[in-house]
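>>> Need a 3D model of the following:
(one chain, ligands or ions: 1)
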Amino acid sequence: MPDQIITKPSSNPIAIVGGGAIGLAIGWRLAQRGASVAIYERGEAGHGASWAAAGMLAAGVETEPGEAALAVLNRRSLALWPEFASELEQVSGLSVDLRREGTLMVALTRDDSAQLRFTYDFQREHGIALEWLSARQALEREPRLNPSLAAAVYSPGDHQADNRMLVRALKRAFLAAGGALHEHAPVIAIDVAAGRVTGLRVGEARVAAETVVLAAGAWSGEIGGLPAEARVPVRPVKGQMIALKMDPAAPLLRHVVWAPRAYMVPRRDGRLIVGGTVEEKGFDTALTAGGVFAMLEGAWRALPGVEELPIDEMWVGFRPGSRDDAPMLGPSGIAGLVHATGHYRNGILLTPATAELVAQYLLSGEVDAAMAPFAPTRFASKVQA
Ligand code: GLY
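Below you'll find the model as predicted:
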């Protein structure tokens, strides 16, 4: 991103609602370029969806029919990731553990194999570099996979980063750049008068603000004060997750693996993240027997050795789902209110591109062509009062 100084100094800082990876990264980019920025986070920064995530940077294997514009943004962000990670590590002094072994999609049965072939053909038509592997070739890459697997696809470009290390590094970088972080400071409402933002209500307090970035993830739709036509159509999509504990000196996996009913993400410290259910249950925080069983069974079918692994942690997270599974980025239709929310399953992947594009918009007033397809106003005529 070119160096830019904010051209219209305001007496109030830019206020960011939400201190997850997206809010922290936008704040960091703005503060680096001389803007005055304050983040308001309802809990502890980075402990919402950014904490719950698996950290997959799956621009290739998560490409689905009907998501052409999103696939372009995903790939742009993936390309930014290595430099983003190395700059962040340098300024924060903290690793984000970007791993580049790539991703395997595994088919266990002939039916899975037919489905995988369909996905493989579709994704290759969209320019994603993928390699079809026989069972033998897959086992050469990952010898602990189920030896009776049917086939696999290798995606050399789909990586992972440790999302929890990421938010710790972003928090430190944001503070080091001069940003102000208010934790346990829930934004109850965004105040709007005559079609423009005037401030925030933070708990009992009122804070004046002319520019507000809404980056509150699954909670974005809960913020009051906005007129009906500007309400944010984001809902929580519940995901249950498990971390198992491998021996870091002899891990069962090195690649990210997508099996038919679970994905597995091996961390360098030995944690094996297994995920994730996709449930429309609002903000239900319950871990369920069915959810945990489905993930463990899915993981065990692909990687039988998981049955020996201790369980390290189980948790629930809330993906910010939008109506078309794509994020809302940029001006909202209310003067001074900018959206950076609705990242659904790709928040960690989309962090660098979102930070670049939204910060650039805030500094220049120009909507980059890469951000235009994700205008929050695309839902405006469909919003119900
Ligand atoms: N991106 C992984 C998930 O949403 O479960």
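>>> Tell me who's in contact with the most centrally placed residue in the chain.
In the chain, the residue lying closest to the centroid (C-alpha atoms, centre = their mean) is residue 347, at 1.4 Å. By C-beta atoms under 8 Å, 6 or more residues apart in numbering, the residues touching residue 347 are 20-22, 49-50, 53, 217, 319-320. All C-beta atoms are positioned from the backbone trio N, CA, C, and that covers glycine.
>>> which ones among the residues you listed are found in strands?
319-320 (DSSP state E).
>>> got the contacts of residue 347 as a markdown table, with pLDDT, neighbour count and distance to residue 75 columns?
Listed next are the contacts of residue 347 as a markdown table, based on pLDDT from 0 to 100; neighbours: other C-beta atoms under 10 Å; distance: C-beta to C-beta, whole Å:
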| residue | pLDDT | neighbour count | distance to residue 75 |
| --- | --- | --- | --- |
| 20 | 98 | 32 | 22 |
| 21 | 98 | 32 | 19 |
| 22 | 98 | 31 | 18 |
| 49 | 97 | 27 | 22 |
| 50 | 98 | 28 | 21 |
| 53 | 98 | 30 | 19 |
| 217 | 98 | 27 | 23 |
| 319 | 98 | 24 | 20 |
| 320 | 98 | 29 | 21 |
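>>> how about the contacts of residue 347 in a markdown table, adding distance to residue 192?
Formatted as a markdown table, the contacts of residue 347 follow (distance: C-beta to C-beta, whole Å):
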| residue | distance to residue 192 |
| --- | --- |
| 20 | 23 |
| 21 | 27 |
| 22 | 22 |
| 49 | 26 |
| 50 | 27 |
| 53 | 31 |
| 217 | 21 |
| 319 | 27 |
| 320 | 21 |
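>>> Let me know the closest of the contacts of residue 347 to the ligand.
Closest approach to the ligand among the contacts of residue 347 (C-beta to the nearest ligand atom): residue 319, at 5.4 Å.
>>> does that closest one really touch residue 239, like I thought?
Yes. Using C-beta atoms under 8 Å, residue 319 is in contact with residue 239, at 6.0 Å.
>>> joint contacts of those two?
Contacts common to residue 319 and residue 239, judged by C-beta under 8 Å, 6+ apart, are residue 278.
>>> In contact with residue 239, which residues?
Each residue near residue 239 by C-beta under 8 Å, 6+ apart is listed here: 52, 275-279, 316-319.
>>> Out of the residues you listed, which is nearest to the ligand?
The closest of the contacts of residue 239, once distances to the ligand are taken by C-beta to the nearest ligand atom, is residue 276, at 3.5 Å.
>>> Next, count neighbours for that closest one.
Per other C-beta atoms under 10 Å, the neighbour tally for residue 276 reads 25.
>>> How about residue 293?
Residues near residue 293, counting by other C-beta under 10 Å: 10.
>>> Output those of the contacts of residue 347 also counted as contacts of the ligand.
Checked against the ligand using C-beta under 6 Å from any ligand atom, those give the following subset in range: residue 319.
>>> which of the contacts of residue 239 are buried?
Among these, those classed as buried by neighbour count (16 or more other C-beta atoms under 10 Å) are 52, 275-277, 279, 316-319.
>>> need the residues of the stretch 151-300 of the chain near the ligand, please.
Counting by C-beta under 6 Å from any ligand atom, the stretch 151-300 of the chain sits next to the ligand at 239, 275-276.
>>> can I get those in a markdown table with secondary structure and distance to residue 340?
Converted to a markdown table, those look like this (DSSP: H, G, I helix; E, B strand; the rest coil; distance: C-beta to C-beta, whole Å):
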| residue | secondary structure | distance to residue 340 |
| --- | --- | --- |
| 239 | strand | 21 |
| 275 | strand | 24 |
| 276 | coil | 23 |
